[in-house]
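>>> sequence and computational prediction follow.
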Amino acid sequence: MNNQDKELLKEINDSFNEESESYNIRKNGKSIARKVNDYINIVTKEDKSGIDVYVKENTLFGIVHIPVIITESGLTDVVYNDFHIGKNANVIIFAGCGIHNDEHKDSEHDGIHRFYLESGAKVKYVEKHYGEGKGSGKKVLNPTTEIYMKDHSSMTMDSVQIKGVDDTVRITKAELEDNTTLEISEKIRTTGNETAKTEFNVNLNGENASVHVTSRSVAEGSSYQEFISNITGNTKCYAHVECDAIIKENGKVKAIPEIYAKNIDANLIHEAAIGKIAGEQLKKLMTLGLNESEAEEVIIKGFLK
């Protein structure tokens with residue numbers, strides 16, 4: 001990797017270094033570095049582009065990094081990554097993609113990630129997306145995440161779109177069995193003419209399954225965002241979905257909630273709030289010597305923290 005590659009990688013995964021215990025680095029559609037150990041194995045797929053990550057059962061505090069960087073203009077990279085998390089394993093997975101595009105052709109990464117959690121498995125999944133470059137070519141990122149959870153497993157998913165992504169469609173699907181817990185936190189910031197669509201489809205199939213989805217977004221300039229959530233409770237279960245958005249200038253945000261209770265003991269909640277920054281917040285910060293623009297930025301960073 002050259003210095004530009006390293007800086008791009010740092011934007012999406014500042015915890016990575018060559019001493020990290022396991023990783024697979026993908027650049028411009030090819031794997032360029034890999035490291036495995038006795039309890040985390042990474043295998044290249046034979047039938048399509050991508051990898052299989054195997055975490056052995058009873059693994060404690062395993063860590064794996066799978067970042068993607070794209071510096072080639074005009075490239076469309078599609079990758080299929082499957083994660084097989086063994087019984088009672090505990091692992092943190094750092095993913096994400098950074099695109100640098102200085103040319104006029106569009107660069108795109110479509111990552112399809114599938115998680116298979118065995119009984120009692122615990123996963124923390126951290127995903128960051130970032131775009132940069134002076135060219136007119138777009139930076140496009142379309143992540144798809146599929147989650148299949150067996151009894152007593154749990155997963156936390158932190159997804160962040162930092163800045164610079166022109167277009168994105170973000171899809172998350174999940175199937176939850178008995179006594180499972182899924183927590184998803186999403187943060188998105190769009191500017192200019194950028195667009196972002198995010199969609200959650202969660203089926204609570206097992207008793208005492210629960211999901212909590214929190215989406216916070218900021219739409220600036222003339223950007224557009226769309227949030228869709230479809231939560232289905234098929235038995236005694238719990239779901240809480242929160243969608244909070246700040247709009248500035250000509251930004252637009254649409255929230256489309258759907259909750260479907262198919263059982264008398266399904267407890268499903270959806271909350272949505274969209275609006276501009278409160279004037280009282282701005283005034284309070286401006287009394288500290290900040291101008292209006294600086295005060296807005298402080299509020300936005302705190303909102304997306």
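Here it is on my side, so go on. Numbering: from 1, shown residues only.
>>> show residues contacting the top helix by length along the chain.
Criterion DSSP state H: the longest helix present in the chain is helix 292-303. Residues from elsewhere that reach helix 292-303 (CB atoms under 8 Å, 6 or more residues apart in numbering): 189, 216, 218, 244, 246, 248, 277, 281-282, 285-286, 290. Every residue, glycine included, has its C-beta placed from N, CA and C.
>>> can you give me the strands for the stretch 101-250 of the chain?
Using DSSP state E, counting those that start in this stretch, the strands of the stretch 101-250 of the chain run over residues 107-117, 122-132, 139-149, 154-161, 167-176, 181-190, 195-204, 209-219, 224-233, 237-247.
>>> give me the buried entries from the contacts of helix 292-303.
189, 216, 218, 244, 246, 277, 282, 285 (16 or more other CB atoms under 10 Å).
>>> pretty sure the fifth one is touching Ser217, no?
Translated: Ile246. Yes - contact status for Ile246 versus Ser217: in contact at 7.5 Å, counting by CB atoms under 8 Å.
>>> what helices and strands are in contact with the helix or strand where Ala95 lies?
Here Ala95, judged by DSSP states H and E, is contained in strand 90-100. Using 3 or more CB pairs under 8 Å, 6 or more residues apart in numbering; DSSP states H and E as the contact definition, the elements that strand 90-100 packs against are helix 3-12, strand 62-65, strand 68-70, strand 76-85, strand 107-117, strand 122-132, strand 139-149.
>>> beta partners of the closest residue to Leu182 other than its chain neighbours?
Nearest non-adjacent residue to Leu182, counting by CB to CB, 6 or more residues apart in numbering: Val211, 4.5 Å away. When assigned by DSSP bridges, Val211 has beta-bridge partners Leu182, Ala239.
>>> how close does Val211 get to Asn81?
Distance from Val211 to Asn81, counting by CB to CB, to the nearest Å: 22 Å.
>>> the more surrounded of those two?
Using other CB atoms under 10 Å as the criterion, Val211 and Asn81 rank with Val211 on top: 27 against 22.
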